[in-house]
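[1] structure here, sequence nowhere to be found:
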């Protein structure tokens, strides 16, 4: 759906929500595309481009495992930044200081910003009705730079990052930290929109606010987690809320 069609929609006083909390990676920004570009640039920099496919497969597995540990509060992000490269290199018997790769990768990440289809349009639409906050479990400096390097920043009122908070989604303390940044907060008029059912949607359930699961892959709902709405594209959200 193009921007003109979104902007032609007139203000609807029936809109219930006044505070919209949106996840960043794989909800508004295509992290998979950005990550792939940055990983390729990193491997090229250190001379491992011929092994790119195998290295990237290992990296993704280890990175996902480590992020789950972060969300459970078992490790911190400073450990994750280097450990994901250390494990990748170890599994392929490559002798290279992992912190050098980690530093270079994080330098490249904010430079490679790819929007999810419809991201800009849905922010323009929601902005008519209230505040927009970005909630992310990412690394604070990287996430701020990525937003600043995108067109999204015009429509965002505040940013809440787990790195700054000290707790990650789905921890209720992350949401308590988040809503203190909003000008006006009421549970009845707040909704979270995100792609991670076990972080965004479970977090919203725990905090007692409505949720919209952005589920483009049409995955099954995880038992015990209850999204208020399910959208298979960002353009569907305006008809759901």
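    Right, received. Where do you want to start? Fair warning: this is a prediction, and the values are worked out from it, not measured in the lab.
[2] residues in contact with residue 160?
    Under the criterion of Cβ atoms under 8 Å, 6 or more residues apart in numbering, the contact partners of residue 160 comprise 133-136, 174, 177-178, 181. (Glycine included, C-beta is placed from N, CA and C.)
[3] my error: substitute residue 21 in the last question.
    Contacts here follow Cβ under 8 Å, 6+ apart; on that basis residue 21 touches 133-135, 178, 190-193, 209.
[4] try 7 Å
    Under the criterion of Cβ atoms under 7 Å, 6 or more residues apart in numbering, the contact list for residue 21 reads 133, 135, 178, 190, 192.
[5] residue 161 versus that one, what's the distance?
    Noted for residue 21: a distance of 13 Å to residue 161, by Cβ to Cβ, to the nearest Å.
[6] sorry, back to before: quick check: of the contacts of residue 160, which lies closest to residue 99?
    Nearest to residue 99 among the contacts of residue 160: residue 136, at 23.4 Å, using Cβ to Cβ.
[7] list the contacts of the closest one.
    With contact set as Cβ under 7 Å, 6+ apart, residue 136 has these partners: 23-25, 143, 161.
[8] who does the lengthiest helix in the chain touch, helix- and strand-wise?
    Among the elements of type helix in the chain, defined by DSSP state H, the one spanning the most residues is helix 52-71. Under the contact definition 3 or more Cβ pairs under 7 Å, 6 or more residues apart in numbering; DSSP states H and E, helix 52-71 sits against helix 31-45, helix 77-91.
[9] what's the angle from it to helix 31-45?
    Direction vectors for helix 52-71 and helix 31-45, defined by axes from the mean of the first three to the mean of the last three Cα atoms, to 10 degrees, enclose an angle of 120 degrees.
[10] what's helix 52-71 in contact with?
    The set of residues that contact helix 52-71 without belonging to it, under Cβ under 7 Å, 6+ apart, is 39-40, 43, 48, 75, 77, 80, 83-84, 87-88, 91-92, 137, 168-169, 199.
[11] where along the chain do the strands fall?
    With strands called from DSSP state E, the chain shows them at 19-23, 131-136, 158-161, 190-194, 210-214, 229-231.
[12] excluding chain neighbours, give the residue nearest to the residue most central in space within the chain in space.
    Among the residues of the chain, residue 25 comes closest to the average C-alpha position under Cα atoms, centre = their mean, at 2.6 Å. If you skip the residues right next to it in sequence, residue 25 has residue 31 as its closest partner in space, 3.7 Å away by Cβ to Cβ, 6 or more residues apart in numbering.
[13] and the one you found, how far from residue 86?
    In this structure, residue 31 lies at 21 Å from residue 86, with Cβ to Cβ as the measure.
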